[in-house]
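In: Below: sequence and its predicted model.
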Amino acid sequence: LPRRHSRPARHIKRLIAYTTTRDMTSFGRRRFDTAPTPDSDGLLFQYGTYAFSGRPMFTVSLTRQFGVIDDGEHDHYVRVHCELRYEPAPDLDALGRFDSWFFHDADAELDEWFTAMKGRLALLLGRRPSEIDLYEEPV
């Protein structure tokens, strides 16, 4: 993935929350060769109204986190983000802020987590995002 890649709305007219969450669900199911620690392979779902890009937008962030090991020790994490940004609206603002993590090597059920997160996107299913941002970052 490129470091940062933003596209204006005219290039993403067909992109909706359903398609993105379906693709992230598929990506989230894929297992990678990560360290055998509980936080080496995680998924983060979060939303809220933020002004990260200069003006307030309702932002849904779907993130995959990987632990990076160097010489047998934890070195850092790499996060791959997909952010969908929507024009502010009273019903979206009323959702407030939310975040939830899932870790593959913890005692949790992935399908239950995905179902719960998809339920939180009901208001977005008929809307198209104004912006999308795909990027990765070390943390």
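Out: Happy to help now that I have it. Worth saying up front: this structure is predicted, and the values here are computed from it rather than measured.

In: Which elements pack onto the helix or strand containing residue 62?
Out: Using DSSP states H and E, residue 62 sits within strand 57-70. For strand 57-70, the elements it packs on are helix 17-29, strand 41-50, strand 73-86, judged by 3 or more Cβ pairs under 8 Å, 6 or more residues apart in numbering; DSSP states H and E. Heads up, the C-betas are built off the backbone N, CA and C, glycines and all.

In: For residue 118, find the nearest of the ones you listed.
Out: helix 17-29 (5.9 Å; Cβ to Cβ).

In: In contact with residue 72, which residues?
Out: Residues near residue 72 by Cβ atoms under 8 Å, 6 or more residues apart in numbering: none.

In: quick one: it and residue 38, what's the gap?
Out: Separation of residue 72 from residue 38 (Cβ to Cβ, to the nearest Å) stands at 17 Å.

In: Can you pull out the low-pLDDT segments for this protein?
Out: Flagging of the chain using pLDDT under 70 yields the residue ranges 1-22.

In: So for it, which residue is the most central one in space?
Out: Most central in the chain under Cα atoms, centre = their mean is residue 62, positioned 0.5 Å from the mean C-alpha point.

In: OK, contacts around that residue?
Out: 20, 21, 24, 43, 44, 45, 81, 82, 83, 84.

In: who's in contact with the fifth one?
Out: Listed by Cβ under 8 Å, 6+ apart, the contact partners of residue 44 are 61, 62, 63, 64, 65, 79, 99, 100, 101, 102.

In: Now render those as a markdown table, adding distance to residue 89.
Out: A markdown table is the format used below for the contacts of residue 44 (distance: Cβ to Cβ, whole Å):
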| residue | distance to residue 89 |
| --- | --- |
| 61 | 18 |
| 62 | 20 |
| 63 | 23 |
| 64 | 28 |
| 65 | 29 |
| 79 | 28 |
| 99 | 20 |
| 100 | 22 |
| 101 | 27 |
| 102 | 28 |
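
In: Highest neighbour count among those residues?
Out: residue 62 (23 neighbours; other Cβ atoms under 10 Å).
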